[in-house]
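# how would this look folded up:
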Amino acid sequence: MSLWPKISEFLALRRNTSLLLVTLVLAGTGEKLWLGFAPKYIETLGGSVLIIGLFDALQTFLGAIYAYPGGWLTDKWGQRKSLLLFSLISVLGYLLVLFWQHWLALLLGSFLFLAWSALSLPATLAVIATSLKSNRHTMGVGVQSMIRRVPMMLGPLLGGWLLTRYGWTDGVRYALALCIAMSLLTLAFQWFMFESSAGVSPASVNGNRDGSATFFDVVKSFTPALRELLVSDILIRFCERIPYAFIILWAMNSGGVTAQQFGYLITFEMGTAMLCYLPVAHLADKYGRRPFVLITFGFFTLFPLTLLWAHDFKWLALAFVVRGLKEFGEPARKALIIGEALPELRARTYGAYYLIRDCVVTSGSFLGAWLWSLSPTANFVGAAVCGALGTLWFWWFIYRQPQNSLRANP
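A predicted model of the protein is given here:
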């Protein structure tokens with residue numbers, strides 16, 4: 001076997017997964033050009049802390065309520081058509097924010113421009129599940145997760161430069177125009193994807209597409225392990241969401257960094273995450289996924305505590321490296337969901353899981369805004385407490401269980 005086929009096999013690359021990676025880079029880079037700076041942009045447009053918290057809550061809430069429809073449409077229409085639709089909807093949202101420079105445009109436009117990231121998650125996981133064998137799922141998710149971090153790294157760098165060079169008003173407009181161009185290019189690559197039913201019986205495919213299973217039927221199909229993972233994941237996401245919208249405010253207002261320097265911090269985070277993905281995915285597929293998920297939850301808990309001592313660029317850089325390490329076992333967590341989902345309900349299981357998780361976690365944005373109004377310390381410590389509880393829950397109810405208690409490669 002020559003070098004390239006060996007690399008393709010190790011990275012679990014197939015036609016659909018390769019095209020998916022290209023679309024993730026294009027769409028993700030466009031989104032990250034400006035979305036990470038949105039809280040500060042809202043502040044410059046006259047939005048209050050409550051508005052910033054509401055915008056952050058909308059990101060979580062829409063990620064929740066869009067997840068299940070995204071899974072249902074993927075099961076009914078197929079992966080290609082669904083991804084095309086989700087991209088078109090997001091472009092409409094970007095256009096609204098581009099031509100209406102008001103904080104209200106971001107609140108209303110979020111219902112549209114968040115469609116790609118929220119609706120497409122079940123579809124992207126379904127592409128991996130149907131294109132790869134079960135013992136390659138973690139690597140497939142790991143490569144996808146690594147590629148997702150490329151735009152998370154490049155987008156803020158370019159966006160930070162635009163904002164520093166042209167100011168918040170014109171800089172955001174230029175970033176949005178470039179974002180729209182990348183989203184349109186994403187559509188071209190999605191057009192060449194084909195539907196795959198690998199690993200699913202014809203009967204299952206027909207069952208997928210008739211939409212007969214209700215949301216409650218899908219939830220009832222959750223295994224005990226998936227339910228316990230969901231509870232621990234909810235607590236961990238509270239840890240992430242409570243300080244999420246206020247990190248840029250902490251970095252710029254208390255740490256004294258510029259928009260471009262904040263882009264560098266995101267680069268440190270994403271670079272750290274990318275270094276972890278492939279080796280951890282390989283080890284998780286080979287030796288089991290649960291230890292890597294447990295370590296990941298520990299880093300989630302540690303990150304808000306590191307912010308307490310981060311009052312300059314150097315210490316913020318260290319904190320963002322820790323933030324990158326919280327992605328250590330993220331592919332293993334998603335692969336656990338894939339392994340626990342019934343093939344005929346796969347995309348809807350992902351959607352239902354994220355709908356429940358993010359609907360609950362939406363309140364974390366408001367809790368974060370309230371804690372921030374008390375003090376940044378209250379916000380960061382409150383987040384760490386939630387993370388510790390989630391880590392302990394996963395350790396007690398999943399990690400300690402026998403290896404054969406989970407459906408697939410625990």
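
# what comes up buried for the host helix or strand of residue 42?
For residue 42, the host element (DSSP states H and E) is helix 38-44. Buried positions in helix 38-44, judged by neighbour count with 16 or more other Cβ atoms under 10 Å: 38-43. Any C-beta I mention is one placed from the backbone N, CA and C, and that applies to glycine too.

# Please identify the buried residues of stretch 156-164?
For stretch 156-164, burial by neighbour count (16+ other Cβ under 10 Å) applies to 156-160, 162-164.

# Was I right to think residue 304 contacts residue 387?
Yes - counting by Cβ atoms under 8 Å, residue 387 is a contact partner of residue 304 at 7.4 Å.

# Which neighbours do the two have in common?
residue 239 (Cβ atoms under 8 Å, 6 or more residues apart in numbering).

# Could you look up the next helix or strand downstream of the helix holding residue 42?
Under the assignment DSSP H and E, the closest C-terminal helix or strand after helix 38-44 is helix 49-77.

# For that next one, which helices and strands make contact with it?
With contacts taken as 3 or more Cβ pairs under 8 Å, 6 or more residues apart in numbering; DSSP states H and E, helix 49-77 sits against helix 38-44, helix 79-99, helix 103-113, helix 115-131, helix 202-209, helix 224-244, helix 346-361, helix 363-374.

# what about residue 389, which helix or strand?
With DSSP H and E as the criterion, residue 389 is inside helix 376-394.

# then stretch 384-397 to PDB, C-alphas only?
Extracted in PDB, the C-alpha atoms of stretch 384-397 (Å, rounded to 0.1, in the frame of the first residue of the first chain):
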ATOM      1  CA  ALA A 384     -16.100  25.200  38.200                       C
ATOM      2  CA  VAL A 385     -18.500  23.700  40.700                       C
ATOM      3  CA  CYS A 386     -20.800  22.600  37.900                       C
ATOM      4  CA  GLY A 387     -17.800  21.000  36.100                       C
ATOM      5  CA  ALA A 388     -16.700  19.100  39.200                       C
ATOM      6  CA  LEU A 389     -20.200  17.700  39.600                       C
ATOM      7  CA  GLY A 390     -20.400  16.600  36.000                       C
ATOM      8  CA  THR A 391     -17.000  14.900  36.200                       C
ATOM      9  CA  LEU A 392     -17.900  13.000  39.400                       C
ATOM     10  CA  TRP A 393     -21.200  12.000  37.800                       C
ATOM     11  CA  PHE A 394     -19.500  10.500  34.800                       C
ATOM     12  CA  TRP A 395     -16.900   8.700  36.900                       C
ATOM     13  CA  TRP A 396     -19.500   7.200  39.300                       C
ATOM     14  CA  PHE A 397     -22.200   6.100  36.800                       C
END
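
# pLDDT of it, averaged?
For stretch 384-397, mean pLDDT is 96.

# What residues sit buried inside it?
Neighbour counts over stretch 384-397 (16+ other Cβ under 10 Å) mark 384, 386-391, 393-395, 397 as buried.

# now swap in stretch 227-239 and tell me
Buried residues in stretch 227-239, counted by 16+ other Cβ under 10 Å: 228-239.

# Check the residues you listed against residue 69 and report the nearest one.
residue 230 (18.9 Å; Cβ to Cβ).

# does the closest one really touch residue 222, like I thought?
Yes - if you go by Cβ under 8 Å, residue 230 and residue 222 touch, sitting 7.5 Å apart.

# Identify the contacts common to the two.
Common contact partners of residue 230 and residue 222 (Cβ under 8 Å, 6+ apart): residue 353.
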